[in-house]
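# The following comprises the amino acid sequence and a computationally predicted model.
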Amino acid sequence: MQLFKLKTTVHEFADFKAFAEAFALGERDLVITNEFLYEPFMKACGLPCHFVMQEHYGMGEPSDEMMDKILGDLKGISYDRVIAIGGGTVIDISKLFVLDGLTSALDAFERKIELKKAKKLVIVPTTCGTGSEVTNISIAEIKSRHTKMGLADDAIVADDAVIIPELLRGLPFRFYAAASIDALIHAVEAYVSPRANAYSHIFSLEAMRIIIGVFRKIAGNPEARHEYASEMLTAANMAGIAFGNVGVGAVHALSYPLGGNYHVPHGEANYQFFTAVFKLYHQKNPTGSIVALEQKLAEHLECQPSEVYEALDALLGQLIARRPLREYGMQEEECRGFAKAVLATQQRLLANNYVPFSEDEIAQIYTQLY
């Protein structure tokens, strides 16, 4: 039984220029990024790389359509490394471009082609949430199916992950908050996964400690977040290592229909379901690993274990307000349909649940949050 693996080498540089020099970025590199990152951080370096600006192919969450459009524009271009510099959208897109013989993103997600790595992959995250720089997972909205799909395979794992605190500077606070809450959810879900073990717990617990500590320092003072850029990037990376080994569960599973149908950003969608899922976990099995989790959270939040979810809601609410699902456009009659869709399409995630959920219980959460 495999307990733990980390195939990615993790680096940290103070700024982009130092990274570019150390990695000798050049004409055989495909850099997938955004113009709002290229202009302030990369342009002055005068690099001869082939640059792709992700936003030219669509806005919002990654989709199979975005990937296919980029793929079409790259025909005839030869490169040895893919350098992903951006948030979750850029990273999830970039992972597929290391695959040999890729002609359609959907073919990869449905495993209709052999998943064979043909290029080196270097990932530089510019948000502090996905942890995707150290996971073997790519997630995309499949437009024709109105939902998201995940591809998990070591063929798309990064060879190198690079932390550069400078690149967090221009991230608006709302995106920072949603991303870092997502990182906290990664750590917490991984902690109670049935596959969790002593190795994954080390990374989960340290990520939780750092993230909650930073949240308490910046609550009510968003500009203070810049002092803790390195800490938050490191914590998100640790949370990614944890869930990359043992998985995430129902919080992510329930968020996918909301994101796929109403284009809610990934971290914000997860936030809607976070404490509701864990309250139900506790209700169904209050004596398992959730006991140790709640004790640790209580220490960091300085409250009683019985108060952790209320304390979490209060703290996270100071960063970003949680909205009723109806405000995203969801209709009440969709609660049952979303529950059915989760059970039908998200078994990969639901296998990591602390306890199993029925269709009625999933529908109940949607209705409660509606």
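Cool, got the structure. Note that the structure is a prediction, hence the values are computed from the model and not measured.
# In this protein, mark out all the strands, start to finish.
9-12, 29-33, 50-53, 81-86, 120-125, 137-142, 147-152, 160-163 (DSSP state E).
# Please name the residues that touch the most centrally placed residue in the chain.
In the chain, the C-alpha nearest the mean C-alpha coordinate belongs to Thr130, at 2.6 Å (C-alpha atoms, centre = their mean). The contact partners of Thr130, by C-beta atoms under 8 Å, 6 or more residues apart in numbering, come to 87-88, 91, 179, 182-183, 236, 240, 266. Where you see a C-beta, it was placed from the backbone N, CA and C, and this is true even at glycine.
# Out of those, which comes closest to Phe203?
Gly240 (8.5 Å; C-beta to C-beta).
# Mind picking out the helix or strand in this protein with the poorest mean pLDDT?
Least confident helix or strand, the chain: strand 147-152 with a mean of 85, by mean pLDDT, DSSP states H and E.
# Quick check: buried residues in that one?
147-151 (16 or more other C-beta atoms under 10 Å).
# so how many other residues sit close to Ala292?
By other C-beta atoms under 10 Å, 14 other residues sit near Ala292.
# measure it to Leu168 for me?
Distance, Ala292 to Leu168, by C-beta to C-beta, to the nearest Å: 31 Å.
# swap in Leu151?
Remark: distance between Leu151 and Leu168 (C-beta to C-beta) = 27 Å.
# Next: Leu254.
Leu254 sits 28 Å away from Leu168, going by C-beta to C-beta.
# before we move on, what about Ala298?
Taken as C-beta to C-beta, the span from Ala298 to Leu168 is 29 Å.
# Repeat that for Glu307.
With C-beta to C-beta as the criterion, Glu307 and Leu168 are 31 Å apart.
# try Asp80
For Asp80, the distance to Leu168 equals 28 Å [C-beta to C-beta].
# more crowded one of those two?
Leu168 (21 against 12).
# who touches that one in this structure?
Per C-beta under 8 Å, 6+ apart, neighbours of Leu168: 126-128, 176, 226, 229, 232-233.
# Quick check: pLDDT value at it.
pLDDT recorded at Leu168 is 94.
# again with Lys143
Lys143 is given a pLDDT of 86.
# Tell me where the stretch 1-150 of the chain has helices.
Here the stretch 1-150 of the chain has its helices, by DSSP state H, counting those that start in this stretch, at 16-22, 35-37, 64-73, 88-96, 105-109.
# Quick one: list the elements packing against the shortest one.
Helices and strands touching helix 35-37, as assessed by 3 or more C-beta pairs under 8 Å, 6 or more residues apart in numbering; DSSP states H and E, are absent.
# what about that helix, distance to the chain center?
In terms of C-alpha atoms, centre = their mean, to the nearest Å, the gap separating the centre of helix 35-37 from the centre of its chain is 20 Å.
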